[in-house]
Structures are given as structure tokens and as C-alpha cells.
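Engineer: Predicted model and sequence follow; I will ask about them next.
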Amino acid sequence: MLRKTLVLLGAVGIVLFLFFYHESLLQWVQSTENDYVVLTTIIATLMSLFPVIPYPLVGGVVGAAYGPVLGAFVIWMGSTFASIIFFSMVRYGGFHKLGSKILLKYAATKKVTLLFERNAFLSITILRMIPVIPSILINAYAALSRVSFLSYAVASGLGKIPAMTLFALVGHTIVTNPIEIVYMIVIYGIFLAIIYTGYRLWTKNIEAKTVINKEKHPSQV
């Protein structure tokens, strides 16, 4: 109980700090140099874990300040660290009830369950790439499932690469060559369409096989 209370108080304190000082932090990131990469990564992690402002905005600012390569790496690390922290809070920090409430909140939980039963690692990787699937749902489900910590961390990190790269590229391009943003959005849109189509076909295939198995083995339902 004490551990849970301390974690909760710490989270509330961080949220309040970010709420009142997030603009100052973003301004600092814009004016900083590459010597403060570690500190910027910590700020990105906190802003991803407690999104008082949209994370794509944070990614754009970091991309503009650090460039597309280093900027993408910084916001990717921040987002990945944040997902790992949330995973750890639910699985090891005594927040199982919170995780269960999150799962009940989303209708997509059933489909996530079907995917996890087939291949948890691949499911996490693909789901991370689809913006319509809430990140917090993936974090909570993975934390309450049997997937190992290492598998979750690696799969989650891989799945975040495309989106985090785009955020940094957009931020960098805005200050260098704004017209290229249109091409990036088109390319990313095509990429998402391919991923989402594959995801839909995969879920339909799994659902069909599940129905067939239930019909063949009704006693197991």
C-alpha cells in the first residue's frame, strides 16, 4: 500500500509540474544544444508518460532543435521509456485494478486479446504502428498478460520507430523546407494504410479460425 501511495503521489507531482511548466520546458528544448540530450530525453519521457500536451508536438519541437536523426532518437527513447514505466507500474507497482479499468474502457480489447493469443511480440509491434489503437490500451494489456518484460520492451520499441521518426522529421522540415511535409505525410499515410489493411486481414483471419474452433470443440467454450 505504501509503495502504491508513493508512486501515486510522485505521479501527481510530475503532472502538476508539467501542467504549469511545460511551455517553459519546450522553449528550453528549442534553445538548447546537443550537450543536453540526456536531460531532453528525460523531459520527453515525462511528457509521454503524462501527456499534458500532445506528444507529436513535443516530437516536432525536439526534431526542430536536434535534427531529424538525433531528434527522432530522443523522442523514440522518451516514448519507449514512458511505455516501459507504465508497464512496470501496472505489473509490479500494484496498479492491476487501474490496468483492468483501462481494458474495460475500450471496445478494441477483444481484438487485442485474439492477437496476443496468437503472437504477443508481433501483436505489440504492429499495434504500436496503428494510431487508432490507444497506446495506453496496449501498455495495460501487455502488463496484465503473460508476455515477458524483455519481449514487451523490444516489441514496443520497434513499433514506435515509424511514428517517432515522422514527428521528428516534421519538426525539422518545418524550419528547413516546409513543402516536403506534404510528401512525408503522403508516404506515411500509405505506410499506415498498408499496416492497417494487414492488421484488419489478420484479425478477421484469427476471428474466423476462432469461430471454427468453437464449432468443432463446443465443449471448450
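Structural biologist: Good, I have the coordinates. Numbers count the residues shown, from 1 in each chain.
Engineer: From the chain's centroid, how far away is the helix or strand where residue 39 lies?
Structural biologist: Secondary structure from DSSP states H and E places residue 39 in helix 37-49. With Cα atoms, centre = their mean, to the nearest Å as the basis, helix 37-49 stands 14 Å off its chain's centre.
Engineer: Find the centremost residue of this structure, please.
Structural biologist: The centre of the chain sits closest to residue 135, judged by Cα atoms, centre = their mean, with a distance of 4.5 Å.
Engineer: so what pLDDT did that one get?
Structural biologist: Looking at residue 135, its pLDDT is 87.
Engineer: wait, isn't it in contact with residue 128?
Structural biologist: Yes. At 7.4 Å, residue 135 counts as touching residue 128 under the criterion of Cβ atoms under 8 Å. C-beta here means a position set from N, CA and C on the backbone, and glycine is covered the same way.
Engineer: tally of neighbours for residue 58?
Structural biologist: Residues lying near residue 58 (other Cβ atoms under 10 Å) number 27.
Engineer: distance of it from residue 120?
Structural biologist: In this view, residue 58 and residue 120 are 29 Å apart by Cβ to Cβ, to the nearest Å.
Engineer: So what touches stretch 182-202?
Structural biologist: The contact list for stretch 182-202, computed with Cβ atoms under 8 Å, 6 or more residues apart in numbering, reads 115, 126-127, 129-132, 162, 166, 169-170, 173.
Engineer: Let me fix that, I meant to ask about stretch 162-181.
Structural biologist: Identification of contacts with stretch 162-181 by Cβ under 8 Å, 6+ apart yields 55-56, 58-68, 71-72, 74-76, 79, 128-129, 131, 184, 188, 191.
Engineer: before we move on, back to that, excluding its backbone neighbours, what's nearest the residue nearest to the centre of the chain?
Structural biologist: Of all residues not flanking residue 135 in the chain, residue 83 sits nearest, at 6.9 Å (Cβ to Cβ, 6 or more residues apart in numbering).
Engineer: Check residue 89 too.
Structural biologist: Leaving aside its sequence neighbours, residue 89 sits nearest to residue 95 (Cβ to Cβ, 6+ apart; 5.2 Å).
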